[in-house]
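Chemist: what follows is a predicted protein model with its sequence.
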Amino acid sequence: MPRTVLRNDQWNRIKDLLPGKSSDCGVTAKDNRKFLEAVLWIARTGAPWRDLPKSFGNWHRVYVRYNHWCHKGTWGDIFEELSKDKDLEYLMVDGSIARVHQHGAPKKQLKMMRPLANQEVV
């Protein structure tokens, strides 16, 4: 498996929050940590889902599971627990590289030319 992003202490804090435990009803998840690492790989690289390395499993199954967790609110629980860390290096965003798409920018306003105070209006 490629280099991991989650530390063992982080994993131990969130593993009981994740669906698919043997105590949960329904299907038991094979490897929640591998799935989390796959999602973090996508988030870190910005790659499309189809480019997910084979070592993380089938990209479509990972995406479907990710989407299911989004609708259930599981990600909010995970982020809430991990945000208790004092180390927030992954939450910093540099605003100088975040650009607005041209259609997202406000409409340009034409400025009316006003005469200066000492000029006569004709």
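Modeler: Thanks, I have the structure now.
Chemist: do you have the strands of the protein handy? List them.
Modeler: Ranges of strands within the chain: none, based on DSSP state E.
Chemist: point out where it drops to low pLDDT.
Modeler: Residue ranges of the chain with pLDDT under 70: 1-3, 20-29, 86-100, 113-122.
Chemist: mind doing that once more with 50?
Modeler: For the chain, the stretches with pLDDT under 50 are 1-2.
Chemist: how about the helices in it?
Modeler: Assigned by DSSP state H, the chain shows helices spanning 8-14, 32-45, 59-72, 74-82.
Chemist: list the buried residues for the first one?
Modeler: By 16 or more other C-beta atoms under 10 Å, the buried positions in helix 8-14 come out as 10, 13-14. Any C-beta I mention is one placed from the backbone N, CA and C, and that applies to glycine too.
Chemist: kindly report the same for the last one.
Modeler: Buried positions in helix 74-82, judged by neighbour count with 16+ other C-beta under 10 Å: 74, 78, 82.
Chemist: equivalent analysis for the second one, please.
Modeler: By 16+ other C-beta under 10 Å, the buried positions in helix 32-45 come out as 32-33, 35-39, 41-42.
Chemist: show me which of these is closest to Arg65.
Modeler: Distance to Arg65 across those (C-beta to C-beta) is lowest for Phe35, with 6.1 Å.
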